[in-house]
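> A structural model of the following input is requested.
(2 chains)
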Protein chains: 2
Amino acid sequence: MLASANDLTAARQRIAAAYDPAALEAAGTQLMAVLAEHFHNVESRDAKVLNWNEPAAQVREARRLLDEFLLPPREGLGEGSLVASITSRIAALTRETLARGQNLHHPHYVGHQVPAPIPLAGLFDLVGTITNQCMAIYEMGPWATAVEHAVIDAVGERIGFTSGRFAGLVTSGGSLANLTGLLTARNVTLGDAWSAGLSGRNPAPVLVAQADAHYSVTRSAGILGLGTNQIIPAALDQRRRMDPDQLDRTLSDLRARGTPIIAVSAAACATPIGAFDPLADIADVCRRHKVWLHVDAAHGGALVFSQRHRHLLAGIEQADSIVCDAHKMMFVPALCAMLFYKNREHRIATFHQDAPYLFDPTATELRDYDSGIVNLECTKRSAAFGVWGIWSLLGPQIFADLVDVTIDLAQKFHALLEATDDFVPLHEPQCNIVVFRYEPPELRDAPVEKIDAFQLQLRRAVIESGEFYLVQSRLDGRTILRTTMMNPLTTEDDLRGLLDCIRSAARTLL
Amino acid sequence: MLASANDLTAARQRIAAAYDPAALEAAGTQLMAVLAEHFHNVESRDAKVLNWNEPAAQVREARRLLDEFLLPPREGLGEGSLVASITSRIAALTRETLARGQNLHHPHYVGHQVPAPIPLAGLFDLVGTITNQCMAIYEMGPWATAVEHAVIDAVGERIGFTSGRFAGLVTSGGSLANLTGLLTARNVTLGDAWSAGLSGRNPAPVLVAQADAHYSVTRSAGILGLGTNQIIPAALDQRRRMDPDQLDRTLSDLRARGTPIIAVSAAACATPIGAFDPLADIADVCRRHKVWLHVDAAHGGALVFSQRHRHLLAGIEQADSIVCDAHKMMFVPALCAMLFYKNREHRIATFHQDAPYLFDPTATELRDYDSGIVNLECTKRSAAFGVWGIWSLLGPQIFADLVDVTIDLAQKFHALLEATDDFVPLHEPQCNIVVFRYEPPELRDAPVEKIDAFQLQLRRAVIESGEFYLVQSRLDGRTILRTTMMNPLTTEDDLRGLLDCIRSAARTLL
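Purely as a prediction, here's the structure:
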């Protein structure tokens, strides 16, 4: 059906309004005031951490707003009033959004491994988003590509890689980065797995993974066709770190049986209690057995910035692939996951394809800047702008500060727990993760099932109150409470308040 | 090493400055003025489309800015001057960024399948980014989750799925969405592939893919362990659409040999010329052979909004899985890829794992809102805010407008090409993609290799001039020029200008 000219004229008018720079400036300026007020209230504890609402009711409300859009397709609004209408509708939708979200910037947020990011990082992110500097090929995001390369180079050098010999990329999340790194390991290890597939292979190849590995590592075995049954857990020591001697025996056994080993996946740190594997010793073992070493440093990789704590990563530069999420302990908004290869040539082992409409064969010198060749993503966000902007603004010291302050908070919280007789700290924290149980006198002799169930009840009471946000987990078959210091504005007083809040919730429940 | 109190006091002061809401408001307000000026200049053609710079030089510049950060770790700046310093440094870094990027909002941008997005969508995106409303579990982004569900429900209904019986999710990009859909198909088709892997299977399972399928579809075979050799191309008709009769024969042959078929992957539309497969007929064939039908509608899925064009998607609601990128023809910033399942229960076939520290076993009614269960991503951006915001602001008519105007532009451009005797249009456009060659009289009798090489030289001359941005590709073994109408502000006059620009570049080259 051909478009009638009249219809398209009206359509073009509506589009012009949507693309009007004056509307953007007015609405954006108003938005900044709304956001600043929100951060002020939340950071100064003048709000709840989480405004708890049932999900089904939230979905209905989000759908209602969608269906009651502001502007029916009509003309006749003067330009000034159109801009005013857009501005006030955006402010209203933003207030609704802010009132119904999770307030990570509230100092009482001590939840998941997702930070209260530096708000200014969001501004740098916006520049890339609003102008849509996608990559896949250099031309489509030349500066975004350059920024990504600069960040990868600068972080890779801090990791201890040799300049010019390593490579890296930024991708949408640690799970995708782990998958990409392990896919590369699979292809390098098995030779023709990319084209021939895994069907018909015997013996079946395995992945040796830290027993506490993040689920994205174990999922990778399912995705890549190895099968999750082919995961060999690497045994841990008493502090939940991979044991190099036991790893040595595991690899020897596998080699003796002729089993192909895709990789050893170590953790820096693992999620349950934030334990750092002894990477230098593990790297030795892997080198002796000629096995690819992958390090999931999604959470702890940022410790390379800290003089105090970078010893926990000693040896990391010997890994074949490393994942480090800038959107965790570098405190920028999600997502900015970095994947590094020690050997530059491995970056092209991940995929073996080209897309003729993307890559210009006369400009092969540009290939190294066409991210689509090495990245699972085709269209790709300019995800490194946040890190690059903050680093260019405040210098790398800010990343060290954030690591130091949040690990210090975890140590202080652990000391507070130890000083009580109703809280049971479960480990000495190496990182900013602290897990514990609450066992008031009334429950001291209760069956463990009851104590476990009580932790869940407690947590739900606390989070639905909006006073604090923490999470639950399982450790050695027991239910536990878990905090991560992902807001550097949290103070020791806030953490004392958390203990009181839990005690008070317990009294109500008991 | 224990932190000394003094060091941490200074660190906390630096952190407080970085998290200061007043700095955010001042810098953000200034940023909006810079952005508005940029959009004004670019949209009114008062700038180059692409400011071409060699990548290595760009990387050096990005690194220089990174290394010359504004604020060494010092105290003593008064609060007012700190805010002023931050504001001016962010404005300067933004100007640098804008001066070195790809200007998709310039009406002379007719390049890749990446849109000049509605700028206002970036504001909604910012709200989620700056407050870091990540998901994985409902609690961490309750409103972001609700917004995603509302968008998935609303788009799914437009696709023609039955309310309450389908499911969907938003993920970081069409490539990841295709991978996820095909992973689900693999697991459903093969039963125990997730845990047992593909090793030892005989005969090896195959993927039947549209011969022009996007590289993310064919890559999926490599990633998922099938092997790219196991891709069976589905034959095309003269207009590059999948031929249902030939598909029927292909599937019959495979079934006769007992070969497991993961899925048929159709395209709506395929990338080379924007051809839409006849989905209703293909769905019939797949149903008869009991094969999973996956439709990669990353580019063309938005045609469900258009009364003029939605007939090209007739039958799409019979597909088992569908990918539709809102960051293509719904004109929001990257990334917002939607993946739909016709049957709700398939959403949990993708992964078969849990992560105890994430999911509360006492709150199983929340599981349907914990995205980590169905999504490859763990930490996940609130990627649906852009679509939700624009829809809530301007209503769904704006998406129809964008589809109608850009397809109309493609048809007009095709007519312009046909009216010349030096341009060779290569297809009748169904979508907003137009491919052609320039063959001036001087080259009419030249060998095809020379004509092909000339297209590449021409394009490079045009894009490095900054006058227009278009791309090159290969079609039937020949090099071609390729445009996609991804900026609704482009006019027929702009397209006439493109022809003149190409002719002028040709004269210089010849």
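
> do stretch A:134-146 and chain B meet at all?
Yes. For stretch A:134-146 and chain B, the contact criterion (Cβ under 8 Å from any Cβ of the partner chain) is met by A:134, A:136-146. Where C-beta positions appear, they are placed from N, C-alpha and C, glycine not excepted.

> Repeat that for stretch A:436-446.
No. Interface with chain B: stretch A:436-446 contributes nothing (Cβ under 8 Å from any Cβ), its closest point being 13.5 Å away.

> got the end-to-end distance for that stretch?
17 Å (Cα to Cα, to the nearest Å).

> in it, what counts as buried?
A:436-440, A:443 (16 or more other Cβ atoms under 10 Å in any protein chain shown).

> With stretch A:414-421 instead?
Neighbour-count burial for stretch A:414-421 [16+ other Cβ under 10 Å]: A:414, A:416-417.

> Just name the closest of those to A:Thr250, please.
Checking the buried residues of stretch A:414-421 against A:Thr250 with Cβ to Cβ, the nearest one is A:His414 at 31.9 Å.

> Enumerate every residue touching that closest one.
A:425, A:428-429, A:434 (Cβ atoms under 8 Å, 6 or more residues apart in numbering or on different chains).

> and if you look at A:Arg288?
A:Arg288 touches A:Asp248, counting by Cβ under 8 Å, 6+ apart.

> Does it belong to a helix, a strand or coil?
Secondary structure, DSSP: H, G, I helix; E, B strand; the rest coil: A:Arg288 is helix.

> Secondary structure element for the closest residue to chain B within the stretch 401-510 of chain A, which one?
Closest residue of the stretch 401-510 of chain A to chain B, Cβ to the nearest Cβ: A:Ser473 (3.3 Å). Assigned by DSSP states H and E, A:Ser473 belongs to strand A:471-475.

> what's that strand packed up against?
helix A:448-465, strand A:478-484 (3 or more Cβ pairs under 8 Å, 6 or more residues apart in numbering or on different chains; DSSP states H and E).

> quick one, that strand and strand A:478-484 angle?
Relative orientation of strand A:471-475 and strand A:478-484, computed by axes from the mean of the first three to the mean of the last three Cα atoms, to 10 degrees: 130 degrees.

> Give me the angle between strand A:471-475 and helix A:448-465.
Using the same axes, to 10 degrees: strand A:471-475 against helix A:448-465 is 160 degrees.

> Note down every partner strand of strand A:471-475 and its orientation.
strand A:478-484 (antiparallel) (DSSP bridges).

> Tell me how far the partner strand lies from the chain's centre.
In terms of Cα atoms, centre = their mean, to the nearest Å, the centre of strand A:478-484 is set 19 Å apart from its chain centre.

> List the buried residues of that strand.
A:479-484.

> Let me have the residues you listed in JSON lines, adding pLDDT as columns.
Formatted as JSON lines, the buried residues of strand A:478-484 follow (pLDDT from 0 to 100):
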{"residue": "A:Thr479", "pLDDT": "97"}
{"residue": "A:Ile480", "pLDDT": "98"}
{"residue": "A:Leu481", "pLDDT": "98"}
{"residue": "A:Arg482", "pLDDT": "98"}
{"residue": "A:Thr483", "pLDDT": "98"}
{"residue": "A:Thr484", "pLDDT": "98"}
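
> quick one, what contacts A:Ser252?
The contact partners of A:Ser252, by Cβ under 8 Å, 6+ apart, come to A:His289.

> Can you tell me the element it falls in?
Per DSSP H and E: helix A:244-256 holds A:Ser252.

> I'd like the next helix or strand past that helix.
Proceeding N to C from helix A:244-256, the next assigned helix or strand is strand A:261-267, under DSSP H and E.

> Distance from that following strand to the middle of the chain?
The answer for strand A:261-267 is 20 Å, by Cα atoms, centre = their mean.

> Given it, what are its sheet partners and their directions?
Assessed with DSSP bridges, strand A:261-267 is paired to strand A:206-210 (parallel), strand A:293-296 (parallel).

> now those strands in JSON lines, with distance to A:Ile273?
JSON lines is the format used below for these (distance: least, Cβ to Cβ, whole Å):
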{"stretch": "strand A:206-210", "distance to A:Ile273": "13"}
{"stretch": "strand A:293-296", "distance to A:Ile273": "15"}
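
> Just put those strands in a markdown table and tack on mean neighbour count, mean pLDDT and distance to B:Asp494.
Conversion of the strands paired with strand A:261-267 to a markdown table gives the following (neighbours: other Cβ atoms under 10 Å in any protein chain shown; pLDDT from 0 to 100; distance: least, Cβ to Cβ, whole Å):
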| stretch | mean neighbour count | mean pLDDT | distance to B:Asp494 |
| --- | --- | --- | --- |
| strand A:206-210 | 26 | 98 | 53 |
| strand A:293-296 | 30 | 98 | 49 |
